[in-house]
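Enquirer: Here is the input, now give the coordinates:
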Amino acid sequence: MTRILAWDIGGANIKAARLPLSDDPAGCVRVVSRPYEIWREKDRLQDALYEICSQLCPADEPEAFAVTMTAELSDIFRTKREGVTFVLESIRACFPAPAIYVLSLSGEFVPIGDAMLHPLNFAATNWLASARWIAQKFPDCLLVDVGSTTTDILPILDGQLHVSGRTDMARLASGELVFSGVLRTNLASIVQTVPVAGRMCRVASEYFAVSGDVHLVLGNLRPEDYTCSTPDGQSPSLDSARRRLARLVCADMEMLSADDIDAMARHICGQQVRQIREGLSQVLARVPELRGHPVVIVGAGTFLGSAAAKSLDLSIADLAGTFGNGEQAVVPCVAAAHLLERQLKDGCK
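Expert: Next comes the predicted model:
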């Protein structure tokens, strides 16, 4: 078995998965998800990659890398072309020995040298890895991946992906990409008003609080799950999350009670579920055949995806036995590892 390490390099997180070695008695996929804000630490990308690789492969260097990314969208880069090129150059400089393959928008892994010639063909492909792999397990389903920043809604029929577009912009237009996630979403993009003391109050369109604060307050996330930076730079504790939420209506903890703030959080959560439900409805309107098939829900925000699916009376797939420990939250890189393994095996036949 080829020793494969797969990367999903985002603008706010780096995720990686290593397939089990043939002599691994446990036979487990090993995964890492690490916060990494490329707009703050662009020059440390190689260090971060090396540290993660050392953590997952302490005794032996991988023979091959599978690469997907979304980091190219960061505004630290003038263009997505520049972003893709920077990520690929960083990987190649950091790891000269392994064979490096990059997932293209056509769904195939391409050697990194060829990928460097056409960078835009390799921008934002992590969702494609997930869809291709899940299609092997659930050939008729609606795949919903709720991550820290975005939600992917991907229709799969007869084992084939039935998306209306493959670029970010096309997917935004189709409802297949919803910029609403479990941690990093600015609350002013979810709601314009919230309930306060029995009436609706407009919110401040400032970076006071994020969706992670809402879900920490509601108990949907633990403090250790809140892996992005907080808007005020304070800890991801329950008290600090409530303080940040109070700022959303230009108030503070002396002006609002914990019950007031928790009521705001419940309303915001409901509206975030509505955003995802609207994406689901838009996709199902185009692919109505999927209404009788299950929704496969993965990612860090599975509770949001489940609530949206249930609100439309959609059945939810039982994923027992599908994923190992920690894999469900990092499906794109787990999927990429398995897909590259299969492509390399098929190429040897």
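Enquirer: just how off-centre is the helix or strand containing His267 within its chain?
Expert: For His267, the element it lies in under DSSP states H and E is helix 258-286. Put simply, helix 258-286 sits 18 Å off its chain's centre (Cα atoms, centre = their mean, to the nearest Å).
Enquirer: all numbers from here: first residue = 680
Expert: I'll keep to 680 as the first residue from here, and by that count the last item is helix 937-965.
Enquirer: Could you check it and say which residues are buried?
Expert: Within helix 937-965, the residues that count as buried by 16 or more other Cβ atoms under 10 Å are 939-944, 946-948, 950-956, 958-959, 961-963. For the C-beta atoms, the positions are set from N, CA and C on the backbone; glycine is no exception.
Enquirer: Now do the same contact list for Arg790.
Expert: That one is not Arg; residue 790 is Pro. Residues counted as contacts of Pro790 (Cβ atoms under 8 Å, 6 or more residues apart in numbering) are 778-781.
Enquirer: nope, Ile770 is what I was after
Expert: Counting by Cβ under 8 Å, 6+ apart, Ile770 has contacts 686, 728, 744, 746, 779, 791.
Enquirer: pLDDT averaged over stretch 1000-1018 - what is it?
Expert: Mean per-residue pLDDT for stretch 1000-1018: 92.
Enquirer: just stretch 728-748 next, same as before
Expert: For stretch 728-748, the per-residue pLDDT averages 93.
Enquirer: Sort out which of the contacts of Pro790 are in strands and list them.
Expert: Among the contacts of Pro790, the members found in strands (DSSP state E) are 778-781.
Enquirer: Please identify which helix or strand holds Ile835.
Expert: Going by DSSP H and E, Ile835 is part of strand 830-836.
Enquirer: now the helices: where do they sit in this protein?
Expert: Using DSSP state H, the helices assigned to the chain run over residues 717-720, 724-735, 759-773, 791-794, 805-816, 847-853, 890-896, 917-926, 937-965, 981-990, 1010-1027.
Enquirer: other SSEs contacting the second one?
Expert: In terms of contacts (3 or more Cβ pairs under 8 Å, 6 or more residues apart in numbering; DSSP states H and E), helix 724-735 is packed against strand 683-688, strand 692-697, strand 709-714, helix 759-773.
Enquirer: In CSV, list these along with mean pLDDT and distance to Leu1019.
Expert: Converted to CSV, the helices and strands packed on helix 724-735 look like this (pLDDT from 0 to 100; distance: least, Cβ to Cβ, whole Å):
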stretch, mean pLDDT, distance to Leu1019
strand 683-688, 97, 6
strand 692-697, 96, 11
strand 709-714, 94, 16
helix 759-773, 97, 14
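Enquirer: Lys989 is nearest to which of these?
Expert: Between Lys989 and the helices and strands packed on helix 724-735, the tightest spacing by Cβ to Cβ is seen for strand 709-714, at 26.6 Å.
Enquirer: Strand partners (parallel or antiparallel) of that closest one?
Expert: Here strand 709-714 is paired, per DSSP bridges, with strand 692-697 (antiparallel).
Enquirer: mind checking how far the strand it pairs with is from the chain centre?
Expert: Going by Cα atoms, centre = their mean, where strand 692-697 is centred and where its chain is centred differ by 11 Å.
Enquirer: do stretch 856-864 as well
Expert: Distance, centroid of stretch 856-864 to centroid of chain: 9 Å (Cα atoms, centre = their mean).
Enquirer: Buried residues, it. List them.
Expert: 856-857, 859-864.
Enquirer: hmm, which two among those residues are most spread apart?
Expert: Leu856 and Leu862 (16.8 Å).
Enquirer: Now do the nearest residue to Ser827 once chain neighbours are set aside, the pLDDT please.
Expert: Using Cβ to Cβ, 6 or more residues apart in numbering and skipping the chain neighbours, the partner closest in space to Ser827 is Leu862 (3.9 Å). At Leu862, the predicted lDDT confidence score is 98.
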